[in-house]
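Q: only the shape, not the letters, is given here:
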């Protein structure tokens, strides 16, 4: 088992939020609190350090992180650049990555990914049907390889994972637990669903 002090948590909040009209998505209110606050609850107290990867609103995100880090390279190059930035910034052997717009993540997210990684370098969350590549536990020693992949123009997370020993860790929570919110309609639907059937905290 990986001890807590060997884990860094990373919340990806560096995107442009284009499908929500360009807003800073992690700070969008959800059930009365910013999305990032809900995601933080899944990692706080379960990792040695908590990072938020953000390219704006640094002061606002500082309330939810031990450190706020920017993308290593500018230009909003996508989540793989955010993951690389976290791998490079972490002081631990492992990085646990989650997006800022998934407020219903399973309560046992960290425990299950740590338990499921075995001898692999990457553990990717699944819901029993599909993979959720932006929810993953990654060995930080892979930072240099990811730097090389990015330099070659790679921007697809699953293609980079395929270069390494990775495992799938399925959760019984179902697809809603990994729902990422890209539009106001999706946000309202999930708010209603969780109001009717709250998730475990």
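A: Cool, got the structure. The structure presented is a predicted model; accordingly, all values stated were derived computationally and were not measured.
Q: and residue 175, how many neighbours?
A: Neighbour count of residue 175, defined by other Cβ atoms under 10 Å: 14. Every residue, glycine included, has its C-beta placed from N, CA and C.
Q: residue contacts, it?
A: 127, 129, 130 (Cβ atoms under 8 Å, 6 or more residues apart in numbering).
Q: what do you get for residue 95?
A: 7, 8, 9, 10, 83, 86, 87, 137, 138, 139, 140.
Q: where does it sit: helix, strand or coil?
A: Here residue 95 is strand, with the state taken from DSSP: H, G, I helix; E, B strand; the rest coil.
Q: pLDDT weak spots in the chain?
A: 16-22, 197-201 (pLDDT under 70).
Q: strands paired with the longest strand along it, and their directions?
A: Taking DSSP state E as the criterion, the chain has its longest strand at strand 131-139. With DSSP bridges as the test, strand 131-139 is paired with strand 94-99 (antiparallel), strand 122-126 (antiparallel).
Q: after that strand, which helix or strand is next?
A: Toward the C-terminal end, the helix or strand that comes next after strand 131-139 (DSSP states H and E) is helix 143-151.
Q: tell me which other helices or strands the helix or strand that that next one is followed by touches.
A: Sequence-wise, the next helix or strand downstream of helix 143-151 (DSSP H and E) is helix 157-161. For helix 157-161, the helices and strands in contact under the criterion 3 or more Cβ pairs under 8 Å, 6 or more residues apart in numbering; DSSP states H and E are helix 79-89, strand 131-139.
Q: among the ones you listed, which is nearest residue 155?
A: The closest of these to residue 155 is helix 79-89. By Cβ to Cβ, the value is 5.5 Å.
Q: what angle do the closest one and strand 94-99 make?
A: Between the axes of helix 79-89 and strand 94-99, defined by axes from the mean of the first three to the mean of the last three Cα atoms, to 10 degrees, the angle is 150 degrees.
Q: contact partners of helix 79-89?
A: 8, 10, 12, 14-15, 51, 53, 67, 69-73, 95, 97, 99, 134, 138, 140, 142-143, 146-147, 149-150, 154-157, 160.
Q: filter the residues you listed down to the buried ones.
A: 8, 10, 12, 14-15, 51, 53, 69, 71-72, 95, 97, 99, 134, 138, 140, 142-143, 146, 149-150, 157, 160 (16 or more other Cβ atoms under 10 Å).
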